[in-house]
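1. Sequence and computational prediction follow.
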Amino acid sequence: MMPAAETKIRFIDRLEQAVRRRGTPALVGIDPHLDLLPPNILPAEGPQRRLLPRQRLAVAVREFCAGVLDVIGSMVPIVKFQMAFFEQLGPEGMSALAELVGHARRYGLLVILDGKRGDIGSTAVAYAEGMLGPAPVSSWGGDAVTVSPYLGEDSLQPFIETAVARQGGVFVLVKTSNPGSGLFQDLIAEGMPLYRHVAAWVEQQAVRTKGRCGYGDVGGVVGATFHEQLAELRQVMPHTWFLVPGYGTQGGTARDVAPAFDPTGLGAIVNNSRGILFAYRRREFERFGPTRWQEAIEAATREMIDQLRTDTPAGRLTSR
Ligand SMILES: O=c1ccn([C@@H]2O[C@H](COP(=O)(O)O)[C@@H](O)[C@H]2O)c(=O)[nH]1
């Protein structure tokens, strides 16, 4: 008997469906800052924590992140693991990351691996193999990755080819949220800021990898902290889904990110890492105290979902 044909749904269509299903574009960033972990997860204080054995730190990170996923697993469509926080813990950290990706999947969450890779093409192939889905070598099994465009087209194509072949996605840095992003990204070349050149290339790739929802598997990272550029880029990148970091701790608000969406409320996912994971440290949620950090996470996630619903076109996702 012939095996049943496997249904392959592109990353971007899976993302669009997940956002609709959960009714929100909120994305929780899994950034386990050692210094900010609650005291019942890691008792030592401040810099002393870094003197603890790596194994102990990795156990704490794993326990904390699993606890985060248990709270937000059914509230949002997607999470983003910041790989740096796991890589800093060496092999123990990487093994925690692998387990946590599996944990996220059990909640039906899509997973972005935020590693901001960028290297010559032959090395990019190895990065892409490792980060995106099943491979003959060890694989992290992410649904999408972040990449830097600085090395040019041949450094990006391996990610795009691997992603498309494996129903994955690629988010290219276009205009980043950090205060210093203008130093290179805003430089004028041929009459246009550099980020607009990157935007034009990313939009072409989005068109080339377009799914049924009208957006492409190739997306762009655009910071919430530069809302004028966000609005400008939405206009010139109509097929590009945006990953928008900089919400919350970096100062971006729901009003700032509103221009990232199309009129139906699609086209962007908005990341919040510290503002959610360490909500127990925020004045608004101090009533929970350090031990009830999971309740603080739930309240902060609910707050973000509500703010996006009220102040952005994402409110239309639930009124269908
Ligand atoms: O332009 C960029 C690109 C990536 N990031 C990443 O997003 C999170 C933001 O964390 P917060 O705690 O919500 O500030 C973090 O992983 C960054 O590496 C970004 O901030 N800006």
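-> Nice, I can see it. Numbers count the residues shown, from 1 in each chain.

2. Only C-alpha atoms from now on, for both contacts and neighbour counts.
-> Fine.

3. Check the stretch 1-150 of the chain for the residue nearest the ligand and tell me.
-> residue 82 (4.8 Å; CA to the nearest ligand atom).

4. pLDDT below threshold where in the stretch 201-320 of the chain?
-> Applying pLDDT under 70 to the stretch 201-320 of the chain flags residues 319-320.

5. can you give me the strands in it?
-> 218-222, 242-244, 268-272 (DSSP state E, counting those that start in this stretch).

6. Switch the ones you listed over to a markdown table; also include distance to the ligand and mean neighbour count.
-> Formatted as a markdown table, these follow (distance: least, CA to the nearest ligand atom, whole Å; neighbours: other CA atoms under 10 Å):
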| stretch | distance to the ligand | mean neighbour count |
| --- | --- | --- |
| strand 218-222 | 6 | 29 |
| strand 242-244 | 8 | 26 |
| strand 268-272 | 4 | 26 |
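
7. between these, which one is nearest to residue 251?
-> With respect to residue 251, and counting by CA to CA, the nearest of the strands of the stretch 201-320 of the chain is strand 268-272 at 10.7 Å.

8. what sits up against the helix or strand harbouring residue 124?
-> Element membership for residue 124, per DSSP states H and E: helix 121-131. Identification of contacts with helix 121-131 by CA atoms under 8 Å, 6 or more residues apart in numbering yields 113, 117-118, 135, 137-142, 145, 154-159, 162-163.

9. Take these and keep only those in helices.
-> 154-159, 162-163 (DSSP state H).

10. For those, pick the one with the most neighbours.
-> Greatest neighbour count in the ones in helices among the contacts of helix 121-131, by other CA atoms under 10 Å, goes to residue 159: 31 neighbours.

11. ok, so what distance separates that one from the ligand?
-> Shown here: residue 159 relative to the ligand, a distance of 18 Å by CA to the nearest ligand atom, to the nearest Å.

12. Any idea how many residues pack against the residue lying closest to that residue once chain neighbours are set aside?
-> Excluding the flanking residues, the one nearest residue 159 by CA to CA, 6 or more residues apart in numbering is residue 128, at 5.2 Å. Residue 128: 24 surrounding residues under other CA under 10 Å.

13. Shouldn't residue 24 be within a strand?
-> No: under DSSP: H, G, I helix; E, B strand; the rest coil, residue 24 sits outside any strand and is assigned coil.

14. Let me know how buried it is, in neighbour terms.
-> The burial count for residue 24: 27, using other CA under 10 Å.

15. just checking, it touches residue 78?
-> No: the criterion here is CA atoms under 8 Å, and residue 24 misses it with residue 78 at 9.8 Å.

16. Check the gap between the closest residue to the ligand within the stretch 151-300 of the chain and residue 84 for me.
-> Nearest residue of the stretch 151-300 of the chain to the ligand: residue 176, at 3.1 Å (CA to the nearest ligand atom). The gap separating residue 176 from residue 84 is 17 Å, by CA to CA, to the nearest Å.

17. No further questions, thank you.
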